[in-house]
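Trainee: here is my input; please provide its structure:
(2 chains)
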Protein chains: 2
Amino acid sequence: MILKYEGKTKNVFELEDGHFLLKFKDDVTGENGVFDPGANTVGLTIDGAGLAGLRLTTFFYEKLNEMGVPTHFVSSNMDEATMTVKPATVFGKGLEVICRFRSVGSFLKRYGAYVEEGQPLDAFVEVTIKDDDRLDPPISEDALAQLGILTNDEYATLKEATQKIASFVKDELAKKDLELYDIKLEFGRDAKTNEILLIDEISGGNMRAFRGTEYIEPLELEKIMLAPE
Amino acid sequence: MILKYEGKTKNVFELEDGHFLLKFKDDVTGENGVFDPGANTVGLTIDGAGLAGLRLTTFFYEKLNEMGVPTHFVSSNMDEATMTVKPATVFGKGLEVICRFRSVGSFLKRYGAYVEEGQPLDAFVEVTIKDDDRLDPPISEDALAQLGILTNDEYATLKEATQKIASFVKDELAKKDLELYDIKLEFGRDAKTNEILLIDEISGGNMRAFRGTEYIEPLELEKIMLAPE
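Mentor: This is a model prediction of the structure:
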């Protein structure tokens, strides 16, 4: 088992059978000890955060696979806090695809002259490039095509998949009386078939959830979502 | 004649016949005394900069009107350094539409992980919103639609007009052995007909021009472009 990549919240190993293994860490993104899913740095470490993230990720991926949405998910091992996935190549040096149902975070920071905080948005999709040095700048469909990162057809596929997955997660949260404000997804190409797959985790650290006006922390979100009915 | 708006490089007056009058100032955008067409502040004042900008703007607008491109341009008065224009309303609080033929400026800053400085771009169009407090953030076609600033159809019109006008300016510069790297345009809706019009100036301060690897300052550009054959 070879360590391929050491990430902010996960390490990635290559398995002998060609699959990859994601090891979930207890580090979460944020700044100065405060969780922020949009942040580029590890803000704090919480015991059990890795396993909680894996459990929620597994919950969503199992349902998405059943729905026939193409994902990289194969199986999870809760004892080891690991997830086995299909190998996939990311677009360029990695993209984040964000779906927004309410105006908060970097969208509000950028477009505050035109929107109120928390204003409803219509499953709005935007893409940022993963580039810590340049603070993950937003990028348009045309710029993705211009830079050879995604064709316009691939962008259309990505946007449609993002809205479908985000709406599914929103509906799952609604079952627990929670509201999804936004979610950050990641996609890649299946290393064998080239199919566009949902990759990475789908946990509290990737989304903002509220109960009424109360923000729900990632660990709390995972507890609520996985509580027996 | 009523002062309607005091801009960084121009003042805008309303005339009694319903037209507007733009008075070109000698202030140019930049920082710390250095010209930068992408800057948000007045960087320096140069005697004759206003008139030079008006002369080049007039040169381009007269040709664009002949070509049948919809613009706000009516006439210029070189003695007063003023330009008479049709009244137009801007999109939202104002947009800047940039057409890029080479990767420099804010595009390079944002996407430097994917492009080399000066790399050719294919008449790439992007939009930023005018918002000094938020440093003129870029905005996607979908975000413009989401915020009610531009419909997708209007975006298509704007993009096509931008590429047509930018290519025309590029060709004019090429006649003087200059190369257009990028240009910043502004559009509005005709206050009477609602037609999308090119507005504002088209001068050295709106574009980056090079002779070989040598950057041509706005005043020098205007001198070269308006020199007799």
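Trainee: low-confidence regions, chain A specifically.
Mentor: A:37-38 (pLDDT under 70).
Trainee: quick check: beta-bridge partners of the residue nearest the centre of it?
Mentor: The residue lying closest to the centre of chain A (C-alpha atoms, centre = their mean) is A:Leu185, at 3.5 Å. When bridges are called by DSSP bridges, A:Leu185 pairs up with A:Val97.
Trainee: if I look at it, how far off is chain B?
Mentor: 16 Å (C-beta to the nearest C-beta, to the nearest Å). Heads up, the C-betas are built off the backbone N, CA and C, glycines and all.
Trainee: likewise for A:Tyr181?
Mentor: From A:Tyr181 to chain B the distance is 15 Å (C-beta to the nearest C-beta).
Trainee: counting neighbours, what do you get for A:Ala227?
Mentor: By the measure other C-beta atoms under 10 Å in any protein chain shown, the count of residues near A:Ala227 is 8.
Trainee: same question for A:Lys109.
Mentor: 11.
Trainee: which SS state does it fall under?
Mentor: helix (DSSP: H, G, I helix; E, B strand; the rest coil).
Trainee: for the helix or strand harbouring A:Asp171, which positions count as buried?
Mentor: Element membership for A:Asp171, per DSSP states H and E: helix A:152-174. Residues of helix A:152-174 classed as buried: A:154-155, A:158-159, A:161-163, A:165-166, A:168-170, A:172-173 (neighbour count, 16 or more other C-beta atoms under 10 Å in any protein chain shown).
Trainee: now it, how far from the chain's geometric center?
Mentor: 12 Å (C-alpha atoms, centre = their mean, to the nearest Å).
Trainee: about what we covered before: adding distance to A:Leu198, write the buried residues of helix A:152-174 out as CSV.
Mentor: Listed next are those as CSV, based on distance: C-beta to C-beta, whole Å:
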residue, distance to A:Leu198
A:Glu154, 14
A:Tyr155, 15
A:Leu158, 10
A:Lys159, 13
A:Ala161, 7
A:Thr162, 9
A:Gln163, 13
A:Ile165, 6
A:Ala166, 11
A:Phe168, 11
A:Val169, 11
A:Lys170, 15
A:Glu172, 15
A:Leu173, 17
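Trainee: export the helix or strand containing A:Leu144 as CSV, just CAs?
Mentor: If you go by DSSP H and E, A:Leu144 is part of helix A:141-146. Extracted as CSV, the C-alpha positions of helix A:141-146 are listed here (Å, rounded to 0.1, in the frame of the first residue of the first chain):
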residue,chain,number,x,y,z
GLU,A,141,-17.3,27.6,-18.4
ASP,A,142,-15.6,29.5,-21.2
ALA,A,143,-12.4,29.8,-19.2
LEU,A,144,-12.4,26.0,-18.4
ALA,A,145,-12.7,25.4,-22.2
GLN,A,146,-10.1,28.0,-23.0
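Trainee: sorry, back to before: I figured the residue nearest to the centre of chain A was touching A:Ile196, is that so?
Mentor: No: here A:Leu185 lies out of contact with A:Ile196, judged by C-beta atoms under 8 Å, at a distance of 11.4 Å.
Trainee: tell me the phi and psi of A:Ser76?
Mentor: phi -130, psi 150 (degrees, to the nearest 10).
Trainee: quickly list what it is bridged to.
Mentor: Beta-bridge partners, per DSSP bridges, of A:Ser76: A:Met83.
Trainee: burial count for it?
Mentor: Residues within reach of A:Ser76, counting by other C-beta under 10 Å, total 21.
Trainee: I figured it hits A:Thr82, correct?
Mentor: Yes: with contact defined as C-beta under 8 Å, A:Ser76 reaches A:Thr82; the gap is 7.2 Å.
Trainee: overlap in contacts, the two.
Mentor: A:Leu54 (C-beta atoms under 8 Å, 6 or more residues apart in numbering or on different chains).
Trainee: tell me how far A:Ser106 lies from B:Thr82.
Mentor: Using C-beta to C-beta, to the nearest Å, one gets 41 Å for the distance from A:Ser106 to B:Thr82.
Trainee: swap that for A:Leu44, sorry
Mentor: Distance from A:Leu44 to B:Thr82, by C-beta to C-beta: 59 Å.
Trainee: looking at those two, which has the bigger crowd around it?
Mentor: The neighbour count for A:Leu44 versus B:Thr82, taken as other C-beta under 10 Å, is higher for B:Thr82 (19 against 15).
Trainee: and the more buried one, how far is that from B:Leu22?
Mentor: If you go by C-beta to C-beta, the gap between B:Thr82 and B:Leu22 works out to 6 Å.
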